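this one's structure only:
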C-alpha cells in the first residue's frame, strides 16, 4: 500500500471517533462548568499537579482531543486550571489510561505495570510543578 491509501484508511477510522469524542466532551463541558475543577487543579501547587496527573492517567482521552479537553472542559483557556496542572494532565494522559493499564498488566504483569503508572504520575507531577512555578 502507498502512503495515500494508508492515510485514507486511518482517516476513516479516526475521524468518526474524533467527532463522537468532541460531541461527548462538549456535552460534559456544558453540564459541568470548568469552575468545578478550580478547587482541585486551580493553582500550581504540587497537590494540584498530582491530582491533574492522576486524572490524566485515569481518563481515556483520544490523542487529538487532549488539548481541547484541557482548554475548554478543564478551563485552561478561561484561566481556571493552572499552567502546571495543565501540563501534568497533558503529560500523563497520553502515557497511560485505564484501558492501557489493563492491557499493560496482561503483558508486563502487575508489579511492572504499577511501577510504570507510578513513574508516569510522579514524573508528570514534578514536570508540571516545575513548569507551573517558572517565572
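Here it is on my side, so go on. As the structure is a computational prediction, the values presented were derived from the model and not from experiment.

Can you classify the residue positioned nearest the centre of the chain by secondary structure?
The structure's the chain has its C-alpha centroid closest to residue 93; by Cα atoms, centre = their mean the separation is 3.1 Å. Reduced to three states with DSSP: H, G, I helix; E, B strand; the rest coil, the structure at residue 93 is helix.

surely it meets residue 65?
No - in this structure, residue 93 sits apart from residue 65 without contact. The criterion is Cβ atoms under 8 Å, and the distance is 9.6 Å. Where C-beta positions appear, they are placed from N, C-alpha and C, glycine not excepted.

after the lowest-mean-pLDDT helix or strand in the chain comes which helix or strand?
Each helix and strand of the chain was given a mean pLDDT (mean pLDDT, DSSP states H and E); the minimum falls on helix 3-31 at a mean of 77. Towards the C-terminus, the helix or strand next in line after helix 3-31, according to DSSP states H and E, is helix 38-41.
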